[in-house]
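1. Give me coordinates for this.
(chains A, B, C and D)
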Number of protein chains: 2
Amino acid sequence: MELSERKLKILQAIIDDYVENAEPVGSRTISKAPGMDYSPATIRNEMADLEEMGYLTHPHTSAGRVPSDKAYRLYVNELMQKEELSKLEKTVISERLHLKTQEFEKAIAHAASVLSEITNLTSFALTPKKADDVIKYINLIPVDNGTVILMIVSESGKVNNKAVRMSVPYTEENLNLLSKTMTYNYKGRTVSQALTNNIIANFETDIVAMSGLAEDLMPNFMKTLEEMLNVNLYMEGLSNIFDIPEYNDLTKAREFIDALSNKDEMTRKLIEREDGITVTIGEENDDDIKDCSVITASYSVDGKFIGKIGVIGPTRMQYNKVTSIMKYLTENLNEAFKLEDEGDK
Amino acid sequence: MELSERKLKILQAIIDDYVENAEPVGSRTISKAPGMDYSPATIRNEMADLEEMGYLTHPHTSAGRVPSDKAYRLYVNELMQKEELSKLEKTVISERLHLKTQEFEKAIAHAASVLSEITNLTSFALTPKKADDVIKYINLIPVDNGTVILMIVSESGKVNNKAVRMSVPYTEENLNLLSKTMTYNYKGRTVSQALTNNIIANFETDIVAMSGLAEDLMPNFMKTLEEMLNVNLYMEGLSNIFDIPEYNDLTKAREFIDALSNKDEMTRKLIEREDGITVTIGEENDDDIKDCSVITASYSVDGKFIGKIGVIGPTRMQYNKVTSIMKYLTENLNEAFKLEDEGDK
DNA sequence: GTTAGCACTCATTCAAGTCGAGTGCTAATC
DNA sequence: GATTAGCACTCGACTTGAATGAGTGCTAAC
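-> Numbers count the residues shown, from 1 in each chain, chains lettered A, B, ... in the order given. Purely as a prediction, here's the structure:
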């Protein structure tokens, strides 16, 4: 069966109503919608067709219709018109973000919190992974008796360091030479490349001459590199879940909170998602959040996507509104961190 | 009225039973407890007395008794005998912690997660505040065209840094001189002292000679100091709240999650608490968590308390068990980070 | 002082009954 | 042939009322 113009119109009306009221919508309600010039009976016939086609479901015989995941998918793909935010809305968002004054990582976390407040959904943000960050510079700085600071600077300007307690004596020249050697060996490589075994092996043979210094430093060097691979997951508005009628059920609420609290799993899932704005609806998601939809958007520095920000909420969310907000929000992020990127700690 | 030996015994039995079953406990139940050689009627009389004295309450006429906050307070202060953990329990905890292999901040976060898993409560941990950390060393390292890394090293071995994009030209000697001047001015001061205005003023006049360099650097220096004041709050096992019968109510669960999600407020409250192991029961807490008890313990590095770890759960929690676990856990933390403290990033 | 006995209270549970929103089908209408 | 009015039917939500039973408080006996 074809999806006639009229069926689409009715489907859209049902979705709109259900998104707003969270209650199965009946034929009478739809027939009274503006611009809907059909009687309830006609609507009912069309509804029956739509149900047969999988766009609607029926909680029980005498209840109204509820859009299925398939309906939302159709809506997101075809029916939804991108909503341009009003000037006012844009201003509010920009001002709430006030990105300029903040350090990168903080700014991302803050953006998540703004996103949650505006959408009234649960939001999250993933800070940049630095796996592809290129090592630029390795420095060894003596601090005092027996402690040396190992510092790794990357192309993107990020600095990571670690204080290392040395077990062998050393001179400033020694450290200088060693750091030069290390820089020579690792410069231009990405963090993840540097972490692969063969490079380490090569390096270690190289500096045998440098006594036990490297033995103290190398494990710490590797550890610091590993830390550079970490991403942080921030989450905001977890309790917004309780505003959603679908989750007025302790078991469901618990499942939701459990799923989101598993940071490792969440991080993995988010990283896997495609860049740009992506929407996954209901059963397209994992089982434990199969009543939810997830929208993510990636933000970039210098045109390279480096992290993600997103929301999770009931399938009956305002897709157009939320995607518009996220689009505008990530544009702000991209803009703010385009040229000058400050180092984070 | 006095709290006779017998009243105490009965009260203790009621608390024990209620902690275990979360249901009002009746006179019959208590009369059957081991070592309780009185009839239900006698128990009832004593219960009535205890209620009059404020140690018990009565959900409704025909229900059993429930311990009041006052009863728990009495229990914690006087009745509770410190439970020594078994060898096995200790081993389990130590192994789960495996502190040695981890970076400080991570270790703290991990400890919170272990605590939550063992107690089945919601746990949290506060990482060290560095306000009292003494500045030891300030370094300025040129990286490449126009970027300088500002590095602050503290007595405790922590390193904080920031990449600063310079707007004026500089030489390595310039930077060297400036970093020496800065070190001279700030060395020996705590982070919070360094942040007070008058010192900055002094300093700024001092280095007028150093052209606009300081103008680029000082705001970043202050910002980095501010960042050093930040503490992080980690939280685990939020959904454990749903295991607790008292929170089988969406409004309450929501309130709880809302209260805990407010990180700033939580952090403030935790910092305010006294060091050592402290227990606050029910109404001794803020209104929004007045059905909960909070237990915190502080951990130390080199004998100085620098952070806290704790749990929050229903007032009817196993105070003796939980405090024992927390005591042992913080002992582990203190031990692990006693002498050698690795720098964190 | 302790206990047995008994009337009383009150939350909880369950079944029966009512209500009403909404459907599906049929027959009349445009 | 498409649309609509009409009507019987369905089924969840809510209400009511009775039965149940855990537990108390009181009194009188031990």
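2. list the contacts for A:Asn220?
-> With contact set as CB atoms under 8 Å, 6 or more residues apart in numbering or on different chains, A:Asn220 has these partners: A:Leu150, A:Lys162, A:Val164. Placement of C-beta: from N, CA and C, glycine included.
3. That one and A:Met166, how far apart?
-> 10 Å (CB to CB, to the nearest Å).
4. on contacts alone, who are the packing partners of the strand or helix carrying A:Glu117?
-> When elements are assigned from DSSP states H and E, A:Glu117 belongs to helix A:104-119. The helices and strands touching helix A:104-119, judged by 3 or more CB pairs under 8 Å, 6 or more residues apart in numbering or on different chains; DSSP states H and E, are helix A:87-97, strand A:122-126, strand A:233-236, strand A:304-314, helix A:319-336.
5. I'd like to know which of those is closest to DNA strand D.
-> Relative to DNA strand D, the nearest member of the helices and strands packed on helix A:104-119 by CB to the nearest atom of the strand is strand A:304-314, separated by 17.2 Å.
6. Between strand A:122-126 and the closest one, find me the angle.
-> Comparing the axes of strand A:304-314 and strand A:122-126 via axes from the mean of the first three to the mean of the last three CA atoms, to 10 degrees yields an angle of 160 degrees.
7. quick one: strands adjacent to strand A:304-314?
-> Counting by DSSP bridges, the strands paired with strand A:304-314 are strand A:122-126 (antiparallel), strand A:292-301 (antiparallel).
8. any idea which of those is most buried?
-> Comparing these by mean neighbour count (mean count of other CB atoms under 10 Å in any protein chain shown), strand A:122-126 ranks first with a mean of 26.
9. so where do the helices sit in chain A?
-> Taking DSSP state H as the criterion, chain A contains helices spanning A:5-21, A:27-31, A:40-52, A:69-74, A:87-97, A:104-119, A:172-186, A:191-195, A:197-206, A:213-229, A:250-261, A:263-272, A:319-336.
10. Least confident of those helices, on average?
-> Confidence, taken as mean pLDDT, is least for helix A:197-206 of the helices of chain A (a mean of 55).
11. doesn't A:Ser293 make contact with A:Val322?
-> No: shown here, A:Val322 and A:Ser293 do not form a contact pair, counting by CB atoms under 8 Å, at 9.1 Å.
12. who touches both of these two?
-> Both A:Val322 and A:Ser293 are in contact with A:Gly313, where contact means CB under 8 Å, 6+ apart.
13. hang on, the earlier thing: can you pick the most crowded of the contacts of A:Asn220?
-> The most crowded member of these is A:Leu150, carrying 25 neighbours; neighbours defined as other CB atoms under 10 Å in any protein chain shown.
14. Isn't that one up against A:Pro219?
-> No: taking contact to mean CB under 8 Å, the distance of 10.5 Å between A:Leu150 and A:Pro219 leaves them out of contact.
15. if we can go back for a sec, closest to chain B among the contacts of A:Asn220?
-> Using CB to the nearest CB, A:Lys162 is the member of those that lies nearest chain B, at 5.3 Å.
16. For the helix holding A:Glu117, C-alpha coordinates in PDB please.
-> Taking Å, rounded to 0.1, in the frame of the first residue of the first chain, the C-alpha atoms of helix A:104-119 are listed here in PDB:
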ATOM      1  CA  PHE A 104      38.000  23.500  26.800                       C
ATOM      2  CA  GLU A 105      37.100  20.500  28.900                       C
ATOM      3  CA  LYS A 106      35.000  22.600  31.200                       C
ATOM      4  CA  ALA A 107      33.300  24.200  28.300                       C
ATOM      5  CA  ILE A 108      32.200  20.900  26.900                       C
ATOM      6  CA  ALA A 109      30.800  19.800  30.200                       C
ATOM      7  CA  HIS A 110      29.000  23.100  30.600                       C
ATOM      8  CA  ALA A 111      27.500  22.800  27.100                       C
ATOM      9  CA  ALA A 112      26.000  19.500  28.100                       C
ATOM     10  CA  SER A 113      24.400  21.100  31.100                       C
ATOM     11  CA  VAL A 114      23.000  23.900  29.000                       C
ATOM     12  CA  LEU A 115      21.700  21.400  26.500                       C
ATOM     13  CA  SER A 116      19.900  19.500  29.200                       C
ATOM     14  CA  GLU A 117      18.300  22.500  30.700                       C
ATOM     15  CA  ILE A 118      17.000  23.800  27.400                       C
ATOM     16  CA  THR A 119      15.700  20.500  26.100                       C
END
